[in-house]
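> got a sequence here, can you model it:
(one chain, ligands or ions: 1)
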Amino acid sequence: MGAMTTDTTPLPSPAAYAAAVSSAVRAATAYYTDGSTPLGDDEYDALLRAILAYEQEHPDEVLPESPSGKVAGGSVQGDVPHSVPMLSLDNVFSDEELAEWAAGLERRLGRPVAAWCVEPKLDGLAVAARYQGGQLVQLLTRGDGLAGEDITHAAEAVLGLPATLAEPLDLELRGEVLLTTAQFDEANRIRTEHGATPFAHPRSGAAGTLRAKDRPYRIELTFFAYGAVGLDHLDHSALLEALAALGAHTAAGTPAAPLRCADLAQVGQRIAAITALRSALPFGIDGVVVKADAGADQQAAGSGSRAPRWAVARKLAAEHKVTRLLAVEWNVGRTGIIAPRAVLEPVVIDGVTVTYATLHNPADITRRGLMLGDQVFVYRAGDVIPRVEAPLADQRTGAETEIVFPEACPRCEDAIDSSEQRWRCVRGRACQAVASVRYAAGRDQLDIEGLGGTRAVQLVESGLVSDLADLFTLTKEQLLTLDRMGEVSADNLLAAIETARGAALHRVFCALGVRGTGRTMSRRIAAHFGSLAAIRAADADTLAEVDGIGPEKARLISAELLSLAPLLDRLAAQGVGTQVAEPQRTAAVAAEGDGETVGAGPLAGPLTGETVVVTGSMTGPLAALSRTEVNELVERAGGKSSSSVSQRTTLLVAGEKAGSKRAKAESLGIRILSPEEFAELVADHLPSA
Ligand code: IVH
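Model prediction:
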């Protein structure tokens, strides 16, 4: 469940209170009229809590326009009076507040609540649908709760709101109209097709659609019934069944179906279950509603001016938040797709700090009219990748700037094919091939000298190489066909490739550039599995046994490995990574489960029994070594190499600019050596020795 803060920062002065009231009124008006909002839901709730707290302390200073105690914050009025007021719900923000609320209700009743009903709090707009003789005659918005706006014209596009009930009753259905996720996507597809700006938010889309009269296109909505005037005597769970039997759509049959609960413990479990399902639901919810189920309990509890006393909303953290768009980065995918990514002012959405969000494609940026510096709506739910939905154009200050689209591929600098919505490097997969061959040949991977940028481009463009495995099939004749490639260079390159064929497993694995695995992780994986074949056979569960790989990362890596399987097979066929060159192979198994250990050790040597962390830049005899090579040195000398300082660390090699690791090692009383002192200690194992 998302952590929500229920702390309220007190308003320090009457002026601060007045300012808070006016922001809240402005936000409520925007929200209830066109569904837009200058504030995120959480911010609005926090503002309202601060206002309420101030008013409790200073009851004689309450401003008449204060949104407290009013339905819809007192922001809107309609002209059709409601038969019975359409009330709002009180909110609680934690399980403790819910328990307090329930205890208060039971005190008022003077008896335990007979049973509860727990159901989703649908994130849409409340409506009243009037039926006469079973025929739908009028559809109203909630308005200010006392009178609403006539939106009967919109009824035909609302799924789940029957034109005719199963029985010829005079009845008023109450419920929520919303855009399901699928309807929201479809609505934005349709709007884009008609040159209209996409909806920022399903709720604003629903609000706008219910009011709109002369649109040249039709957008479907969905109704969920949760009440009826005229059937109030029924228990709530029985009422929901009766509504469904009349042909109205309810949340029954959805994964968040209303459930009757015997006690608060069950209520808590159901809330947790619905919360856990939230991101998988086909519609948005902003909370869970807990209702006293028995008609008798509801009647005995009654209602206040704003909300019933027998129901409460357990609010969930908003999935939409407002933050600032700081920059747009352009990343090139495996197939050459060039995808924009938003860099955001960090914002916490449902307990997770979001710094990046997807922007789909350049056309989408244009369609949404985004600018750098804009306040934007960001959406994140469960595991989905956060996305930027829309700018709050009315919040612009004039300091916003245009988003600059790249003119060349940001990875290989060749041209961009922008004929489709999704831009692509003209090299397509080859763009990736050049980049991945360059990466694989790098010093910390296969360290293939003579395979720099231009050679990689040449090899890929000539068609000789389209992935890593092709490198190992190159012949001298083939190389000699390349421009500026003489006998000597060809021999040297082939020799370097030959050396790479026998490279240590962790280097081969690192060369694959599997997402989520850098140098350190590659060493751990290599040590854990011991062979390319074992890595290829690893599933998410086995990968999760590797230190530092959680279930999420394990799934990611296993998916990548699956797509790399053909490449891995071809590498194996070329004898790459099959060398059990890893001297640590057996030791690796022995070291399994040793949390901190990166490499495997221990061979007999001066570092036997030592767990070594290397930090800062190396000098003296170690100056020429990459970090990977220093770690290899540690292992050759019998030690275990590790990337982070902990209780288990026994030795820190601290070069220049060693920062926090040195401080931590000092505080733990760990032995610290300079690169020169360390080089002396392991002199027999230095690469040149
Ligand atoms: S009951 C008298 N049940 O939430 C009972 N309301 O924040 C009042 N809402 O005005 C409503 N899902 O628009 C109820 N399952 C549900 C609901 C629900 C969404 C909305 C409704 C209400 C608002 C209060």
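
> using PDB, list the CA coordinates for stretch 323-339.
C-alpha atoms of stretch 323-339 as PDB (Å, rounded to 0.1, in the frame of the first residue of the first chain):
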ATOM      1  CA  THR A 323       5.900  17.800 -11.600                       C
ATOM      2  CA  ARG A 324       8.200  19.600 -13.900                       C
ATOM      3  CA  LEU A 325       9.600  18.400 -17.200                       C
ATOM      4  CA  LEU A 326      13.300  19.200 -17.000                       C
ATOM      5  CA  ALA A 327      14.700  17.700 -20.100                       C
ATOM      6  CA  VAL A 328      14.100  15.100 -22.800                       C
ATOM      7  CA  GLU A 329      16.700  12.400 -23.500                       C
ATOM      8  CA  TRP A 330      16.700  10.400 -26.800                       C
ATOM      9  CA  ASN A 331      17.600   6.800 -26.400                       C
ATOM     10  CA  VAL A 332      18.200   4.300 -29.300                       C
ATOM     11  CA  GLY A 333      16.800   0.900 -28.800                       C
ATOM     12  CA  ARG A 334      18.000  -2.400 -30.100                       C
ATOM     13  CA  THR A 335      16.100  -2.100 -33.400                       C
ATOM     14  CA  GLY A 336      17.200   1.400 -34.000                       C
ATOM     15  CA  ILE A 337      14.100   3.000 -32.600                       C
ATOM     16  CA  ILE A 338      14.900   6.500 -31.200                       C
ATOM     17  CA  ALA A 339      12.700   7.000 -28.200                       C
END
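
> which parts of it are buried?
By neighbour count, and taking 16 or more other CB atoms under 10 Å as the criterion, the buried residues in stretch 323-339 are Thr323, Arg324, Leu325, Val328, Trp330, Val332, Gly336, Ile337, Ile338, Ala339. The way it works is simple: take the backbone N, C-alpha and C, and place the C-beta from them, glycine included.

> which residues touch Leu98?
Val92, Leu264, Val267, Gly268, Ile271, Val290, Val312, Arg314 (CB atoms under 8 Å, 6 or more residues apart in numbering).

> so who does the closest residue to Glu656 other than its chain neighbours touch?
Nearest-residue entry for Glu656: Ser617, 4.8 Å, with adjacent residues in sequence omitted and distances by CB to CB, 6 or more residues apart in numbering. Shown in contact with Ser617 (CB under 8 Å, 6+ apart): Gly655, Glu656, Lys657.

> next step: the contacts of Leu98 restricted to strands.
Val92, Val290, Val312, Arg314 (DSSP state E).

> quick revisit: of the contacts of Ser617 - the most surrounded one?
Highest neighbour count within those, by other CB atoms under 10 Å: Gly655, with 20 neighbours.

> gap between the residue in the stretch 501-650 of the chain positioned nearest to the ligand and Gln395?
Closest to the ligand within the stretch 501-650 of the chain is Glu552: 31.7 Å, counting by CB to the nearest ligand atom. If you measure Glu552 against Gln395 using CB to CB, to the nearest Å, the figure is 35 Å.

> now do Ala103
The value you get for Ala103 to Gln395, if CB to CB is used, is 42 Å.

> low-confidence ranges, the stretch 451-600 of the chain, go.
Applying pLDDT under 70 to the stretch 451-600 of the chain picks out residues 579-600.

> the helices in it, which residues?
Under the criterion DSSP state H, counting those that start in this stretch, the stretch 451-600 of the chain contains helices at 453-461, 468-471, 476-480, 487-501, 505-511, 519-529, 532-537, 540-543, 551-573, 585-590.

> pipe those into TSV and attach mean neighbour count and distance to Ala399 per row.
Listed next are these as TSV, based on neighbours: other CB atoms under 10 Å; distance: least, CB to CB, whole Å:
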stretch	mean neighbour count	distance to Ala399
helix 453-461	19	39
helix 468-471	22	46
helix 476-480	14	55
helix 487-501	16	51
helix 505-511	27	43
helix 519-529	24	41
helix 532-537	18	50
helix 540-543	17	46
helix 551-573	16	38
helix 585-590	16	55
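
> for Ala206, which of these is the nearest?
Go through the helices of the stretch 451-600 of the chain one by one with CB to CB and the one that ends up closest to Ala206 is helix 551-573, at 33.0 Å.

> circling back: so what's the residue of the stretch 501-650 of the chain closest to the ligand up against?
With contacts defined as CB under 8 Å, 6+ apart, Glu552 is in contact with no residue.

> kindly report the same for Ala533.
Ala572, Thr578.

> and the gap between it and Thr578?
When distances are taken as CB to CB, Ala533 and Thr578 turn out to be 8 Å apart.

> can you check Arg142 too?
Distance from Arg142 to Thr578, counting by CB to CB: 70 Å.

> which strand or helix spans the residue in the stretch 1-150 of the chain that the ligand sits nearest to?
Of all residues in the stretch 1-150 of the chain, Ala126 sits closest to the ligand, with a separation of 3.2 Å (CB to the nearest ligand atom). Secondary structure from DSSP states H and E places Ala126 in strand 125-132.

> of the contacts of Leu98, which is the most crowded?
Neighbours here mean other CB under 10 Å. Within the contacts of Leu98, the largest count is held by Val290, at 29 neighbours.

> for that residue, what are its contacts?
Taking CB under 8 Å, 6+ apart as the contact definition, Val290 lies against Leu98, Ala102, Trp116, Cys117, Val118, Val267, Ile271, Ala311, Val312, Ala313, Arg314.

> what sits against the closest residue to Ala115 other than its chain neighbours?
By the measure of CB to CB, 6+ apart, the closest residue to Ala115 outside its immediate chain neighbours is Asp293, 4.3 Å from it. Contacts for Asp293 (CB under 8 Å, 6+ apart) come out as Val113, Ala114, Ala115, Trp116, Cys117, Asp235, His236, Ser237, Arg260.

> looking at the residues you listed, which two lie furthest apart in space?
Greatest spacing in those, by CB to CB: Val113 and Ser237 (13.4 Å).

> low-scoring stretches of this structure, by residue?
Across the chain, the stretches falling below the confidence threshold (pLDDT under 70) are 1-7, 32-38, 71-77, 334, 383, 579-603, 688-689.

> residue most distant from the centroid, it?
In the chain, counting by CA atoms, centre = their mean, Glu487 sits farthest out from the average C-alpha position, at 52.9 Å.

> what's the angle from the helix or strand harbouring Ala16 to strand 125-132?
Taking DSSP H and E as the definition, Ala16 sits inside helix 14-34. With axes from the mean of the first three to the mean of the last three CA atoms, to 10 degrees as the criterion, the two stretches helix 14-34 and strand 125-132 enclose an angle of 50 degrees.

> any idea which helix or strand comes after helix 14-34?
The helix or strand immediately downstream of helix 14-34 is helix 41-57, counting by DSSP H and E.

> quick one, that following helix and helix 14-34 angle?
Going by the same axes, to 10 degrees, helix 41-57 makes 140 degrees with helix 14-34.

> from the chain's centre, how far out does helix 41-57 sit?
Its chain's C-alpha centre lies 28 Å from the corresponding centre of helix 41-57 when counted by CA atoms, centre = their mean, to the nearest Å.
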